[in-house]
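**Student:** Here is my input, please return the structure:
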Amino acid sequence: MTTAATTTAVPFRFFDARVTGTRSLGRSMVRITFGGPELTEFATGGRDQRFKLFLPQPGQDAPVVPVEAGEEWFSVWRAMDPETRGVMRTYTVRDQRRADDGSVELDVDFALHGADSAAASGPAARWAARAEPGDRAVLLGPIAPDNAGVDFRPPAGTDWVLVTGDETALPAVSGILRWLPAGTPARVWIEVPHAEDIQRLDTEADAEIVWLVRDGGDGRPRTGLIPDAVRAASLPEGTAYAWIAGEAGTVRTLRRHLVGERGFDREAVMFTGYWRRGATEEQLIEEAVTNPAPSED
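**Tutor:** Predicted structure coming up:
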């Protein structure tokens, strides 16, 4: 497997968008499709391409976003009234399609963090559970495919890849599997709340995908499934590259195992905490601003 481990800092811009459709994905996720003339300039590098999504506060028709602030948008947004400024979340592009007429649609999968809309816990999940065609949003995304919003970058000389994630990372896992060159050896573990949340994932890689279901059928959700499964697994020989994402505590535990017990090169493990048990994204944003350096423990 030969790839380049480069990251290009490409300018990002704001895109107005509207919901064009919704689709339920099992019990715990919903797919929202966005469209709009501005999305013709939205560029994605595939894989785990992330972007910022701004949603309106209750009672607003459209999110309030400092579009004219340029590179200072974050500090301006952060200084705005939290009850007024657009709700900001980070999401992954699940798919992007260009129609014959040149229009572009963008699919984004939302984890509802509950079995139905009533259990959706955060403002983005609640919005997604109720979204209808015509609803407005603003995306902050890249204008070139090679951009700093892509983290999955196996270095040249990688023999095989290890990928793990929970339902919040499932869109990124899907994008990675779809991007991997044909025949690439891949070991993949995905944790989801319910068996109904298992999805078909397209890939030309030589991928062994293991689905782990937290709902054990006895009403008591199981935890720690991915670290336990990886610990028990026999892994391929050769130079590995790992991409692990999901709940921050689980990610940290798994990274320690791969580096400390499996001998993975620390630089060959890309790890991202998409969420943390007991913390809101607003809290995580504040922590990132206060302490921007990632934890290495």
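**Student:** ok, now which ones touch the residue positioned nearest the centre of the chain?
**Tutor:** When the chain is reduced to its mean C-alpha position, the nearest residue by CA atoms, centre = their mean turns out to be Thr92, at 4.2 Å. Residues near Thr92 by CB atoms under 8 Å, 6 or more residues apart in numbering: 48-51, 108-109, 169, 171-172, 175. From N, CA and C alone the C-beta is placed, and that goes for glycine too.
**Student:** Do you have the helices of this protein handy? List them.
**Tutor:** All helices of the chain, identified by DSSP state H, fall at 73-79, 123-130, 170-179, 225-232, 248-256, 281-290.
**Student:** for Trp127, what are its contacts?
**Tutor:** Going by CB under 8 Å, 6+ apart, Trp127 touches 55-56, 87, 135.
**Student:** what does Thr20 give?
**Tutor:** Thr20 makes contact with 33-35, 105, 133, according to CB under 8 Å, 6+ apart.
**Student:** Out of the residues you listed, list just those in strands.
**Tutor:** Judged by DSSP state E, strands contain the following of these: 33-35, 105.
**Student:** Redo the residues you listed as a markdown table? Include distance to Ile244 and pLDDT.
**Tutor:** Shown next, in a markdown table, are the ones in strands among the contacts of Thr20 (distance: CB to CB, whole Å; pLDDT from 0 to 100):
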| residue | distance to Ile244 | pLDDT |
| --- | --- | --- |
| Thr33 | 28 | 98 |
| Phe34 | 28 | 98 |
| Gly35 | 33 | 97 |
| Glu105 | 30 | 96 |
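**Student:** now the strands: where do they sit in this protein?
**Tutor:** Ranges of strands within the chain are 12-25, 29-35, 50-55, 87-92, 95-98, 104-111, 136-142, 160-165, 185-192, 206-213, 240-247, 269-275, based on DSSP E.
**Student:** pLDDT on the first one, on average?
**Tutor:** To tie it back to what came earlier, the one meant is strand 12-25. Mean per-residue pLDDT for strand 12-25: 97.
**Student:** what's the answer for stretch 175-183, then?
**Tutor:** Per-region confidence: stretch 175-183 scores 98 on mean pLDDT.
**Student:** do the same with stretch 254-266
**Tutor:** For stretch 254-266, mean pLDDT rounds to 97.
**Student:** One more: stretch 55-75?
**Tutor:** On average, stretch 55-75 scores 95.
**Student:** where in this protein is pLDDT low?
**Tutor:** Low-confidence segments of the chain, defined by pLDDT under 70: 2-10, 114-121, 218-220, 278-297.
**Student:** Break it down into its domains, please.
**Tutor:** For the chain, automatic domain parsing gives the domain ranges 12-142, 160-290.
**Student:** out of those domains, nearest to Phe152?
**Tutor:** Of all these, domain 12-142 sits nearest to Phe152, with 4.2 Å by CB to CB.
**Student:** Can you give the distance from that closest one to the centre of its chain?
**Tutor:** On the basis of CA atoms, centre = their mean, to the nearest Å, domain 12-142 sits 13 Å off its chain's mean C-alpha point.
**Student:** can you count the residues close to the nearest residue to Ala169 once chain neighbours are set aside?
**Tutor:** Once flanking residues are discounted, Ala169 sits nearest to Ala245: 3.9 Å by CB to CB, 6 or more residues apart in numbering. Using other CB atoms under 10 Å, Ala245 is surrounded by 28 other residues.
**Student:** Bridged to Ala245, which residues?
**Tutor:** Taking DSSP bridges as the rule, Ala245 bridges to Thr272.
**Student:** OK, contacts around it?
**Tutor:** 48, 164-165, 168-169, 172-173, 251, 271-274.
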